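In: predicted model and sequence below, questions to follow.
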Amino acid sequence: MDLRSNTIKSGVEKSPHRSLLKALGLTDTEIKKPFIGVVNSFNEIVPGHVHLRQVCDAVKAGVRMAGGVPFEFSTIAVCDGIAMNHVGMKYSLTSRELIADSVEVMARAHAFDALVFIPNCDKTVPGMLMAAARVNVPSIFISGGPMLKGYTREGRPVDLTSAFEGVGAFKAGKITEEELLDIENNACPTCGSCSGMFTANSMNCMTEVLGLGLSGNGTVPAVHMDRMRLAKEAGMQVMTLLENNIKPRDILTKEAFRNALISDMALGCSTNTVLHLTAIAHEAQVKMNLDLINEVSRMTPNICRLSPAGPHHMEDLHAAGGISGVLKTLSPMLDLEVMTVEGILKDKLESAKVYDQSVIRSLEFPYSETGGIQVLYGNLAKEGAVVKKSAVLKEMMKMSGPARVFNSEEDCAAAIFDSKINAGDVLVIRYEGPKGGPGMQEMLTPTAALNGMGLDDSVALITDGRFSGGTRGAAIGHVSPEAYEGGLIAFVEEGDLIEIDIPEGRLELHVNETVIEVRKENHQRIHKQYPGYLEKYRSGVTSAAKGAIWEKR
């Protein structure tokens, strides 16, 4: 093979380079073999990543078995749950760009012939997918796998969302401190990405659908030995991809992204997939916008409802047939000729089955006729806003109510916990967008508090920030243009009437245009000072409608 790594090891001129490689303990025989970069997001603070050393060791064993030489290097990873509801959440989405850039730097500086990516939690998956598309050398993904669900002492299934909602329930006097502690002790019983169809698992499933992960990548539990075998297979399979020179952009085609959107709608994934798939498509040089997302949502039935939208968890989806079972069900709607790391999708699905139609419903008996995500437009969101429709109660699909306006998530959460929110209110959290936050932090605390306090059937929340995959309720995020960029959300005042129509995709502020113009004349933009990386991020990030990517300057 004409190896890229020959750039750093072939010929007389590369004698100094080989000297450095030999300082690693490499033999002349190893130096002649393909060099495989293994991107490991292991650290000791993220529960989804704490076991990735073992996954990485299995990958490296697979690479060696197939004749390659693996080289492990690391990236950063943020735990969104731990970073939630304090300044740390501003560093979550922003970490995605750092992850992509750091992989690009390492991969190109060291001329790796191929790459194996080991992500798991929220931003490591899209960040690495962006890097794979950008660097475009033969690549494969093996995630760390999902966490198992937990059980309270009474046998009730719980997960991380249960813990966040438990805080609201305790504040409302609905549960005791002892009951909250029981949830706390059991919500996260194993390592792995949190057990519902939250952002991490949504993106690991999307990786499998896009074709860059082996069958089972999205659903094999972190603690099952199948995960370690899958890691070895990934290490071996990357060598086949290298031999055939199959690169990410050969796989990440417009047809693959359309398949991913269809699967996203069927699964009821996190609204964050809208941000991430848009950003990955940009790196893969594939055009994708919010209108396409709505088009796909209108034609795609929602056939799975995992937590927070329903009672099932990732281990249930895996037992029911996994992503292959979902794709088999959706096959009449998919392009089956797309390429994956395992070959053509049609061939890959021949042996796929659905074992439990209570978890993966048929197309004839879906949860709903349309997809799990809806993009809304209107004067409040001229460039769009996003809601996880599959997690909204029927009575909240259409509503109008007075605005309750907050300029930060913290102020809104405090008002909820202090019982200052009334049934019928529409909460507006602004200046939390990509630029205004900066960093577009997630709003799981206020939405979980509303649910825990029993207000999810009467109170809506809209924001130019975003939501955790664990959010449920009438929670509308990604409002674009954001307040910081002069979007109408910046000029909403207390008591203004806001109309939400999720089925029709509308989000409207009912205030006279003359009044709005007067407000604009007297308006002063709020600029939250965060010296350092966040200010740098703010200077280059685009709107949520474009995936909150960094502009090329």
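Out: Received the coordinates, thanks.

In: count the neighbours of T176 for me.
Out: T176 is surrounded by 11 other residues when neighbours are defined as other CB atoms under 10 Å. Bear in mind the C-beta positions are built from the backbone N, C-alpha and C, glycine included.

In: ok, and the closest non-adjacent residue to it?
Out: Among residues not flanking T176 along the chain, F170 sits closest, at 7.6 Å (CB to CB, 6 or more residues apart in numbering).

In: how close does M236 sit to R64?
Out: Computed as CB to CB, to the nearest Å, the M236 to R64 distance reads 9 Å.

In: repeat that for F491.
Out: Spatial separation of F491 from R64 under the definition CB to CB is 61 Å.

In: try A114
Out: Here the criterion is CB to CB. By it, A114 lies 14 Å from R64.

In: what about R525, neighbour count?
Out: Residues near R525, counting by other CB under 10 Å, number 11.

In: numbering from 599 from now on, please.
Out: Will do, 599 is the new start, and the previous item becomes R1123.

In: is it true that it touches A1088?
Out: Yes. Taking contact to mean CB atoms under 8 Å, the distance of 7.2 Å between R1123 and A1088 places them in contact.

In: residues shared between the contacts of the two?
Out: Listed contacts common to R1123 and A1088 are A1081, Y1082; contacts here mean CB atoms under 8 Å, 6 or more residues apart in numbering.

In: quick one: Y975 is in a helix?
Out: No. The assignment for Y975 by DSSP: H, G, I helix; E, B strand; the rest coil gives strand, which leaves it out of any helix.

In: the residue nearest to T774 contacts L778, correct?
Out: Yes. Using CB under 8 Å, F768 and L778 qualify as a contacting pair, with a distance of 4.7 Å.

In: need the contact list for the residue positioned nearest the centre of the chain.
Out: Taking CA atoms, centre = their mean as the criterion, T797 is the residue nearest the geometric centre of the chain, at 3.6 Å. Taking CB under 8 Å, 6+ apart as the criterion, T797 is in contact with D678, D720, S868, N870, T871, S1066, G1067.

In: reformat those residues as a markdown table; add distance to I1014 and secondary structure.
Out: A markdown table is the format used below for these (distance: CB to CB, whole Å; DSSP: H, G, I helix; E, B strand; the rest coil):
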| residue | distance to I1014 | secondary structure |
| --- | --- | --- |
| D678 | 20 | helix |
| D720 | 24 | coil |
| S868 | 22 | coil |
| N870 | 22 | helix |
| T871 | 27 | helix |
| S1066 | 16 | coil |
| G1067 | 20 | coil |
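
In: ranges for the helices of the stretch 799-948 of the chain?
Out: Remark: helices assigned in the stretch 799-948 of the chain by DSSP state H, counting those that start in this stretch are 823-841, 846-849, 852-865, 870-881, 888-897, 912-917, 920-928, 943-946.

In: can you redo those helices as JSON lines with distance to V648?
Out: Formatted as JSON lines, the helices of the stretch 799-948 of the chain follow (distance: least, CB to CB, whole Å):
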{"stretch": "helix 823-841", "distance to V648": "14"}
{"stretch": "helix 846-849", "distance to V648": "28"}
{"stretch": "helix 852-865", "distance to V648": "26"}
{"stretch": "helix 870-881", "distance to V648": "22"}
{"stretch": "helix 888-897", "distance to V648": "34"}
{"stretch": "helix 912-917", "distance to V648": "18"}
{"stretch": "helix 920-928", "distance to V648": "24"}
{"stretch": "helix 943-946", "distance to V648": "31"}
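
In: would you mind finding the most buried of those?
Out: Comparing those by mean neighbour count (mean count of other CB atoms under 10 Å), helix 870-881 ranks first with a mean of 26.

In: that one: how far from the chain's middle?
Out: 9 Å (CA atoms, centre = their mean, to the nearest Å).

In: contacts for it next, please.
Out: Residues external to helix 870-881 that are found in contact with it (CB under 8 Å, 6+ apart): 691, 694, 698, 720, 723-724, 727-729, 731-732, 797, 800-801, 804, 808, 850, 855, 858-859, 862, 885-888, 891, 971, 973, 984, 1064-1067, 1076, 1142, 1144-1147.

In: which residues does R651 contact?
Out: N638, F640.

In: right, and the helix or strand after whichever strand or helix holds it?
Out: Under DSSP states H and E, the secondary-structure element containing R651 is helix 650-663. Under the assignment DSSP H and E, the closest C-terminal helix or strand after helix 650-663 is strand 667-672.

In: residues in contact with that next one: which ones?
Out: 624, 628-629, 631-641, 654, 657-658, 661-662, 704, 708, 710, 714, 833.

In: okay, now the sheet partners of that strand, with direction.
Out: Taking DSSP bridges as the criterion, strand 667-672 sits next to strand 633-638 (parallel) in its sheet.

In: since we're on S693, how many residues are nearby?
Out: As a burial measure, S693 scores 23 neighbours (other CB under 10 Å).

In: what sits against it?
Out: Taking CB under 8 Å, 6+ apart, we find S693 in contact with I674, A675, V676, K721, G725.

In: could those go into JSON lines alongside distance to L875 and pLDDT?
Out: Putting the contacts of S693 into JSON lines (distance: CB to CB, whole Å; pLDDT from 0 to 100) gives the following:
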{"residue": "I674", "distance to L875": "22", "pLDDT": "98"}
{"residue": "A675", "distance to L875": "20", "pLDDT": "98"}
{"residue": "V676", "distance to L875": "20", "pLDDT": "97"}
{"residue": "K721", "distance to L875": "14", "pLDDT": "97"}
{"residue": "G725", "distance to L875": "13", "pLDDT": "98"}
